[in-house]
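Peer 1: got a sequence here, can you build the structure:
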Amino acid sequence: MKFFQNIQTFLLIIILLFSFVNCQNIPNPRSQPASSLIGNRLYFFGGDLSTTDSRNYSAANLTNEVWYLDLSSSFNTSNPPWNKDVGMPIGYFLGASCVNPIDNYIFLVGGLMYIPNTATINLGSSSVYVFNSNISLWTTPNIIGFNSSFKMRNQIQPVIDNYGKIYTFSGTNYTGFNEPYVNYNDMNILDTTSMTWSTLAISLNDPPLLLSYTATLLPTGIIVYIGGYTLNK
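Peer 2: Okay, here's the model as predicted:
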């Protein structure tokens, strides 16, 4: 009898563990994460887990979670193949990600950065993080000539060319708190091969300040910006 009781206990533990793992592989709803496609994996980085609809992010839970969908085979959309990867060093929101075509590393650029799962902004964090999906490793690059005004730059959409140069136009350092913020009218360029940063000022006759836009790099090297909203300079 004791033998069967032990077997039943063992089976119960296995079932509970399986259920726990299953539950862990379903991400909570979130808004405004960054995303990138690497091979057959569609990655999602961070996002806002709060249920409020407000531009005041003081009540938000900014997650550092990293999830990906396995697209190697077809699946039922009611039960997608979610997988959880190693978390980011920071809670991440309103930023963007670029895939380097040279080595397939993912670069997180700009965005609001918080102590994970809190409403405490992390002003000491870097503005660029690199993710090696092959070994699930996050690193903070040492960038030469970094423009400190890019700190907390958000509502942007960088693009990356075939030579590993990331171009980021305009943006704001608005954090949602009652503190001064600036809207920027410049083009920041990060050369990922040499880890050097340069900033091009935009003249008054060039495009206006632009936030929450889309950016598309054409084969000709021209970047097309569509949508978003403009601000006074």
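
Peer 1: bridge partners for the nearest residue to L217 once chain neighbours are set aside, pull those for me.
Peer 2: Spatial nearest neighbour of L217, chain neighbours left out: V159 (4.2 Å); criterion: C-beta to C-beta, 6 or more residues apart in numbering. C-beta here means a position set from N, CA and C on the backbone, and glycine is covered the same way. Beta-bridge pairing for V159 (DSSP bridges): Y167.

Peer 1: swap in M113?
Peer 2: Y92.

Peer 1: start and end of stretch 131-140, how far apart?
Peer 2: 9 Å (C-alpha to C-alpha, to the nearest Å).

Peer 1: can you check stretch 92-104 too?
Peer 2: Termini of stretch 92-104 sit 21 Å apart (C-alpha to C-alpha).

Peer 1: kindly report the same for stretch 176-192.
Peer 2: 30 Å.

Peer 1: do the same with stretch 150-168
Peer 2: Per C-alpha to C-alpha, stretch 150-168 runs 10 Å from first to last residue.

Peer 1: quick check: mean pLDDT across it?
Peer 2: Here stretch 150-168 scores 94 as its mean pLDDT.

Peer 1: quick one on the thing from earlier: contact partners for the residue nearest to L217?
Peer 2: Contacts here follow C-beta atoms under 8 Å, 6 or more residues apart in numbering; on that basis V159 touches C98, I166, Y167, A215, T216, L217, I223.

Peer 1: hmm, 7 Å instead?
Peer 2: Y167, A215, L217, I223 (C-beta atoms under 7 Å, 6 or more residues apart in numbering).

Peer 1: swap in T175?
Peer 2: Counted by C-beta under 7 Å, 6+ apart, T175 has contacts L112, I121, M152, Y181.

Peer 1: change it to 6 Å
Peer 2: Neighbouring residues of T175 by C-beta atoms under 6 Å, 6 or more residues apart in numbering: I121.

Peer 1: so which helix or strand takes in it?
Peer 2: Following DSSP states H and E, there is no helix or strand that holds T175.

Peer 1: quick one on the thing from earlier: what about the residue nearest to L217, distance to P80?
Peer 2: 28 Å (C-beta to C-beta, to the nearest Å).

Peer 1: any stretches of the chain with poor pLDDT?
Peer 2: The chain contains residues with pLDDT under 70 at 1-24, 52-60, 177-178, 203-206, 231-233.
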